[in-house]
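Undergrad: Can you look at this prediction? I've put the sequence above it.
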Amino acid sequence: MGQPHPRDEADAGKPPLGIGMVGYAFMGAAHSQGWRTVGRVFDLPSRPVLAAVCGRDGQAVRAMAERHGWAAAETDWRALIARDDVDVVDICTPGDSHAEIAVAALAAGKHVLCEKPLANTVEEAEAMAAAGEQAYRQGRLTMVGFNYRRLPATSLARRMVREGRLGTLRHVRVTYLQDWLVDPEFPLTWRLRREVAGSGALGDLGAHIVDLAQYLAGEPLAGVSALTETFVRERPLPGGTTGGLAAVSAGGLGTVTVDDAALFTARFASGALATFEASRFATGRKNSLRIELNGERGSLAFDLERLNELAYHDHTEPLAHAGFRRILVTEPDHPYLEAWWPPGHGLGYEHTFVHQARDLVHAIAANHRPEPSFADGLQVQRVLAAVEESAAKNSVYTPVVV
Ligand SMILES: NC(=O)c1ccc[n+]([C@@H]2O[C@H](COP(=O)([O-])OP(=O)(O)OC[C@H]3O[C@@H](n4cnc5c(N)ncnc54)[C@H](O)[C@@H]3O)[C@@H](O)[C@H]2O)c1
């Protein structure tokens, strides 16, 4: 046996916080990284323990538990939420199971972190938000996995907007583009089936950018005018998933029942205007999320492919030398960076999941409602529903239900 790690000693007196995770593939791996790393990097009020992971294939979930450091494996989520060593249920399954698992976990007295989009329908999201409200009165918290809020650069952008550096907001311009569906032979995985995923690019990518836009602007969207399209309507049936977004086909064809792309214009409650584009057909774009905000006093722009940077234009400077400049968001007083590396040593995608875990652990210790909560997730779901309603009615302007 070696000497105890100093961190282990520092953590020894802290109360354990048992994590139970459902779903163990793409997001399961990302969340595992977050839970495993968070207590090693940040000074936390409790000690997250990877208590148990759940999947339906016993052999596969045990292998995953071994690889990612989970103490136990379960094959039924009901058994997972019944465990005494689980305090937080972390839902990393497709949308068709979010509502059932979350509502049951809250009733069992657990805190719940749920991947986005919160649910597949507004009705499910309403039930989840109502269960979240009731649980909050008993000291149980809910959170939605809109992880792009938790990058140092996007958090800094929020701080700058809140400080008034953009002044009155006029425009928000957002695109979230991928290209993994360009090939018509790509199989009909769960993300292309409405009964499992709820919607297509809209719920998958659009949910992220609606949340990010509203978070950065600091206000909700009031209404939308939308177009959606399914470019390839039939695809080969899947034979298995090979990891991440990849899959192999088994032959035979099935019908795609979700959108491939969703475009919409929107109005914020203040009157600022926004444009959104979410597509899985943007050839050459892999995971390209860009957002720009223009206000009377300045502008901010963020590009996920350069995620340690923020572009800022201060319109109050003399015009002779004003212009967009690059802020390298790696200083210790930038959000989340006090615990990481020296300036200039950048972070990546996976760190968002560490920060998500950090924020939830602090919220639980302080009994302080985390953002985004299920109520925030419900509001995003209502925007998605307004987009679908508008698209079905030839893009007629559709208010978001408040
Ligand atoms: N925050 C992000 O950046 C991000 C990225 C990708 C996906 N997501 C979201 O995460 C969720 C999962 O997506 P993914 O890409 O990880 O999918 P995935 O296909 O990689 O993994 C889904 C997992 O859920 C398991 N599962 C499905 N139904 C289950 C059930 N009833 N009981 C137990 N396990 C079940 C599957 O076996 C698999 O392990 C979705 O809501 C998706 O929208 C978020």
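TA: Great, that's in hand.

Undergrad: Could you give the separation between the terminal residues of stretch 213-229?
TA: Terminal residues of stretch 213-229 are spaced 22 Å apart (C-alpha to C-alpha, to the nearest Å).

Undergrad: list the buried ones in that stretch?
TA: Neighbour counts over stretch 213-229 (16 or more other C-beta atoms under 10 Å) mark 213-217, 220-228 as buried. Any C-beta I mention is one placed from the backbone N, CA and C, and that applies to glycine too.

Undergrad: With Val61 as the reference, measure out to the residue located most distally from the centre of the chain.
TA: Distance from the centre of the chain peaks at Ala320, with 40.3 Å (C-alpha atoms, centre = their mean). From Ala320 across to Val61, the span is 62 Å (C-beta to C-beta, to the nearest Å).

Undergrad: What of Arg150?
TA: Arg150 sits 27 Å away from Val61, taking C-beta to C-beta as the criterion.

Undergrad: Tell me the bridge partners for Arg47.
TA: Taking DSSP bridges as the rule, Arg47 bridges to Pro16.

Undergrad: so who does it touch?
TA: Going by C-beta atoms under 8 Å, 6 or more residues apart in numbering, Arg47 touches 11, 14-17, 39.

Undergrad: which two of those residues lie the greatest distance from each other?
TA: Across the contacts of Arg47, the longest distance by C-beta to C-beta is 12.1 Å; it joins Pro15 and Gly39.

Undergrad: thinking again about what came up before, among the contacts of Arg47, find the lowest-pLDDT one for me.
TA: Minimum pLDDT for the contacts of Arg47 is recorded at Asp11 (76).

Undergrad: tally of neighbours for whichever residue of the stretch 201-350 of the chain sits closest to the ligand?
TA: Residue nearest to the ligand within the stretch 201-350 of the chain: Asp204 (5.5 Å; C-beta to the nearest ligand atom). Neighbour count of Asp204, defined by other C-beta atoms under 10 Å: 23.

Undergrad: just checking, it is part of a strand?
TA: No. In this structure, Asp204 is helix, not part of a strand, as judged by DSSP: H, G, I helix; E, B strand; the rest coil.

Undergrad: Surely it is in contact with Leu192?
TA: No. Asp204 is beyond contact range of Leu192, at 10.3 Å (criterion: C-beta atoms under 8 Å).

Undergrad: do you know how far the nearest residue to Asn308 once chain neighbours are set aside is from His208?
TA: If the residues on either side of it in the chain are set aside, Asn308 comes closest to Gly346, at 3.8 Å by C-beta to C-beta, 6 or more residues apart in numbering. In this view, Gly346 and His208 are 21 Å apart by C-beta to C-beta.

Undergrad: okay, the two: which has more neighbours?
TA: Taking other C-beta under 10 Å, Gly346 and His208 do not tie; His208 has more neighbours (23 against 18).

Undergrad: Verify the stated contact: that one with Tyr148.
TA: Yes. Taking C-beta under 8 Å as the definition, His208 is a contact partner of Tyr148 at 5.7 Å.

Undergrad: shared neighbours, these two?
TA: Here His208 and Tyr148 have Leu289 as joint contacts, going by C-beta under 8 Å, 6+ apart.

Undergrad: circling back: what strand or helix carries the residue farthest from the centre of the chain?
TA: For Ala320, there is no enclosing helix or strand under DSSP states H and E.

Undergrad: ok, so what distance separates it from Ile209?
TA: Applying C-beta to C-beta, the value for Ala320 to Ile209 is 35 Å.

Undergrad: Specify the local secondary structure of the nearest residue to Trp341 once chain neighbours are set aside.
TA: Leaving aside its sequence neighbours, Trp341 sits nearest to Thr330 (C-beta to C-beta, 6+ apart; 7.6 Å). For Thr330, the assignment made with three-state DSSP gives coil.

Undergrad: Next, count neighbours for Thr330.
TA: Neighbour count for Thr330, taken as other C-beta under 10 Å: 19.

Undergrad: quick one, phi psi at the residue nearest the centre of the chain?
TA: With distances taken as C-alpha atoms, centre = their mean, Phe146 lies nearest the centre of the chain, 2.4 Å away. With angles defined as degrees, to the nearest 10, Phe146 shows backbone torsions of phi -80, psi 80.

Undergrad: quick one, what contacts the nearest residue to Ala201 once chain neighbours are set aside?
TA: Using C-beta to C-beta, 6+ apart and skipping residues adjacent in sequence, the residue nearest Ala201 is Ala278, 4.4 Å away. By C-beta under 8 Å, 6+ apart, the contact set of Ala278 is 175-177, 201-202, 204-206, 209, 261-263.

Undergrad: can you do 6 Å?
TA: Going by C-beta atoms under 6 Å, 6 or more residues apart in numbering, Ala278 touches 176, 201, 205-206, 262.

Undergrad: same question, Val256
TA: Val256 makes contacts with 192, 230, 233, 235, as judged by C-beta under 6 Å, 6+ apart.
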